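Asks: Predicted model and sequence below, questions to follow.
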Amino acid sequence: MTKTLSVSEYFSYFKDKRLINIFLFGISSGFPWVLIGSVMSAWLKDEGLSRSMIGLFGIVFGAYSINFLWSPLVDRVKLPVLFKWLGQRRSWILLCQSVIFIGTFSLAGLDIKANLWFAAALCLVIAVASATQDIAIDAFRIDTLSENESHKATAAAAMATSGWWSGYALLGALPFYMADIPSIDWPQVYFFLSVIMLLLMGSVLWAKEPESNREVIQAELESTYQQKLVGVEQTRFAKVIAWLAVTVFDPFRTFFARNGVKTALALLAFIFLFKIGEAFLGRMSIVFYKEVGFSNSDIATFSKVGTAILTIAFTFVGSLFNQRYGIVKGLFISGIAMAASNLAFAWIAIAGPKLSLYAFAIIIDGFTQAWSLVAMVAFISMLCDRAFSATHYALLASLGNLGRTLLSSYSGVVIDDWLLGNWALFFVLTALMVIPSLVFLFLIRHKLYALENNYHRDN
């Protein structure tokens, strides 16, 4: 199991510059969700669009669910000019951030109601660039820690999670405060957000490219395939086939070979189920707050700043718990907390816009977000092969995002057409969605304990 450390020893990990880099990249990872998520939902709501339309607008988040399809390219394709300057991981991060900046700046100059489809297209471009950026950032985090530093995995997950929430919630609060100023409209808000994105690009230059033997391993695998293809007359063609095999086929082969087919399928099913209920809540949360009667400033203070501060604080507590008692136990706790969090919002739906209830719900939600993200990030990282870290993490994270993004896009339809606007029943339903994943987690717990013990065996 993991090393038993004192609290002071554990928190000394966070002085490591590499973990600070992970935190900064976490900010860059969370910030695009502001651009195409909560702020876009608020803008569309103020333009008079229906809840169903706002929910369907979230289909662009599907890019996060399928980014594993192009993740092998992030592992293997070297970008011209940028690769020599920044290395494999940072070059892809900078390219994606440049696209996000251009997309955000374009939204700032748009009459969104008159150009709804073009706005949706820009959001899709931002989503694809952000999803690709996540592939490179997650691979950067995994590659940053050496194989004998697995005891720092939960600390790295905490920095990634706290960074993500700093970008999503703390920076995401600013546009809501700005939107309540009469002289500022949403296009001006997006111009401000594009400037923030430009500043975040500086973190790429400050970070150091992690060392990795990834290319050596991949070259050896290519050589093996070329030897098997010795009968192919065209040597160049054999090299292409070998490159494609290592790039596309081997990441999946190694994952199933390392875990066994049954265990691998069980892991994939659990990851898919785990956060579906939370996603249903998250997609419609801004619409719910505004309909209940909370102002943009209330939303900024509680759902953005409040949630971010609480999540970041609970993140470090959760990472310490996971480091001491194991990631699997952390997953159990976070699953139960997710159900409790959703029920707290059902209480608000019944009682109305009371700030005390809002604060109570946000405290529970902050705890839930922190523990679930830290546990899941560390858990998925544990399953990755370093030779294909970008592809493996993207594949597993995409499964987690699939239920969250695809199904949650219909959350507006559920509340409008199925539940006839009954928010309390909606939140009870989302709480019940957590149960299947907890049952499944219980059934495969012994396999997960074995995986975790094996991960820490040599450390």
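Replies: In hand now; what should we look at?

Asks: avg pLDDT for stretch 26-46?
Replies: Stretch 26-46 carries an average pLDDT of 91.

Asks: and stretch 191-208, which residues are buried?
Replies: By 16 or more other C-beta atoms under 10 Å, the buried positions in stretch 191-208 come out as Leu193, Ser194, Ile196, Met197, Leu200, Met201, Ser203, Val204, Ala207. Just so you know, the C-beta spots here come from the backbone N, C-alpha and C atoms, and that holds for glycine as well.

Asks: any idea how far Ser356 lies from Ile363?
Replies: Distance check for Ser356 against Ile363: by C-beta to C-beta, to the nearest Å, it reads 11 Å.

Asks: So which of these two has more stuff around it?
Replies: Shown here are Ser356 and Ile363; by other C-beta atoms under 10 Å, Ile363 has more neighbours (17 against 8).

Asks: Packing partners of the strand or helix carrying the more buried one?
Replies: Counting by DSSP states H and E, the element that carries Ile363 is helix 355-382. In terms of contacts (3 or more C-beta pairs under 8 Å, 6 or more residues apart in numbering; DSSP states H and E), helix 355-382 is packed against helix 116-144, helix 153-165, helix 307-325, helix 327-351, helix 389-402, helix 445-456.

Asks: Packing partners of the last one?
Replies: What it means is helix 445-456. Counting by 3+ C-beta pairs under 8 Å, 6+ apart, helix 445-456 packs on helix 261-273, helix 327-351, helix 355-382.

Asks: most packed of these?
Replies: Scoring the helices and strands packed on helix 445-456 by mean neighbour count under mean count of other C-beta atoms under 10 Å gives helix 355-382 as the most buried, with a mean of 23.

Asks: So what angle separates the directions of that helix and helix 116-144?
Replies: Angle, helix 355-382 to helix 116-144, by axes from the mean of the first three to the mean of the last three C-alpha atoms, to 10 degrees: 60 degrees.

Asks: chain center to helix 355-382: distance?
Replies: Remark: helix 355-382 is offset 13 Å from the chain centroid, using C-alpha atoms, centre = their mean, to the nearest Å.

Asks: about what we covered before: among the buried residues of stretch 191-208, name the ones in helices.
Replies: Judged by DSSP state H, helices contain the following of the buried residues of stretch 191-208: Leu193, Ser194, Ile196, Met197, Leu200, Ser203, Val204.

Asks: that older thread, okay, the helices and strands packed on helix 445-456 in JSON lines with mean pLDDT and distance to Trp165 next?
Replies: Below are those laid out as JSON lines (pLDDT from 0 to 100; distance: least, C-beta to C-beta, whole Å):
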{"stretch": "helix 261-273", "mean pLDDT": "80", "distance to Trp165": "21"}
{"stretch": "helix 327-351", "mean pLDDT": "87", "distance to Trp165": "15"}
{"stretch": "helix 355-382", "mean pLDDT": "85", "distance to Trp165": "7"}
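
Asks: give me every residue that touches Trp256.
Replies: In this structure residue 256 is Phe, not Trp. Phe256 makes contacts with Ala264, as judged by C-beta atoms under 8 Å, 6 or more residues apart in numbering.

Asks: nope, Ser341 is what I meant
Replies: Ser341 makes contact with Glu278, Leu281, Ala361, Ile364, Asp365, Phe367, Thr368, according to C-beta under 8 Å, 6+ apart.

Asks: Kindly report the same for Lys329.
Replies: Contact analysis of Lys329 by C-beta under 8 Å, 6+ apart lists Phe321, Asn322.

Asks: Output the buried residues of stretch 191-208 as CSV; include the columns distance to Glu220.
Replies: Below are the buried residues of stretch 191-208 laid out as CSV (distance: C-beta to C-beta, whole Å):
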residue, distance to Glu220
Leu193, 45
Ser194, 44
Ile196, 43
Met197, 39
Leu200, 37
Met201, 35
Ser203, 33
Val204, 30
Ala207, 28
